[in-house]
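Engineer: dropping the sequence and predicted coords here.
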Amino acid sequence: MAITDTADGVVIDVRVTPRSSRSGLMGLRDGVLLLRLHAPPVEGAANTEVVKLVATLLGVPKSAVTIATGHRNRLKRVRVQGVSANSVRATLGIGGEGAAPPAA
């Protein structure tokens, strides 16, 4: 599941694609949030960009976003404090239980 409630916020399962032409949210696939990153996976640059991008997408401070697991992997678990799974789904336009966003 892409988004799980915790005692102090949420944990989001993320798959990143580094060295993309631009950073942004690509959608949801197989229960994992897909992010593309302009930064390369070198010296933590991609991880720093994950934190900035998630904070921007959710409207929270960067200090509320941490990478829980996957520091050296494309699959990551990102912890966000001070938000609920429902509010994250609504902000990102994702249906319940990690469903894909509605087609436009």
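Structural biologist: Arrived safely.
Engineer: contacts for the longest helix anywhere in the chain next, please.
Structural biologist: Longest helix in the chain, counting residues (DSSP state H): helix 45-58. For helix 45-58, the external contacting residues (CB atoms under 8 Å, 6 or more residues apart in numbering) are 12, 14, 16, 18, 23-25, 35, 37-40, 61-62, 64-67, 71, 76, 78, 80, 83, 88, 91-92. Backbone N, C-alpha and C define where each C-beta goes, glycine included.
Engineer: how about the strands in this protein?
Structural biologist: 3-5, 9-17, 24-29, 32-36, 65-69, 75-81 (DSSP state E).
Engineer: for stretch 38-51, buried residues please.
Structural biologist: 39, 41, 46-47, 49-51 (16 or more other CB atoms under 10 Å).
Engineer: hmm, which of the residues you listed is lowest in pLDDT?
Structural biologist: In terms of pLDDT, the lowest of the buried residues of stretch 38-51 is residue 41, showing 92.
Engineer: that one and residue 76, how far apart?
Structural biologist: As judged by CB to CB, to the nearest Å, residue 41 and residue 76 stand 11 Å apart.
Engineer: same question, residue 7
Structural biologist: Computed as CB to CB, the residue 7 to residue 76 distance reads 20 Å.
Engineer: who's more crowded, the two?
Structural biologist: residue 76 (23 against 5; other CB atoms under 10 Å).
Engineer: wait, what's in contact with residue 91?
Structural biologist: So residue 91 contacts 57-59 (CB under 8 Å, 6+ apart).
Engineer: buried ones among those residues?
Structural biologist: 57-58.
Engineer: what separation do you get for residue 28 and residue 40?
Structural biologist: For residue 28 relative to residue 40 (CB to CB), the value is 24 Å.
Engineer: pLDDT weak spots in this protein?
Structural biologist: Applying pLDDT under 70 to the chain flags residues 1, 96-104.
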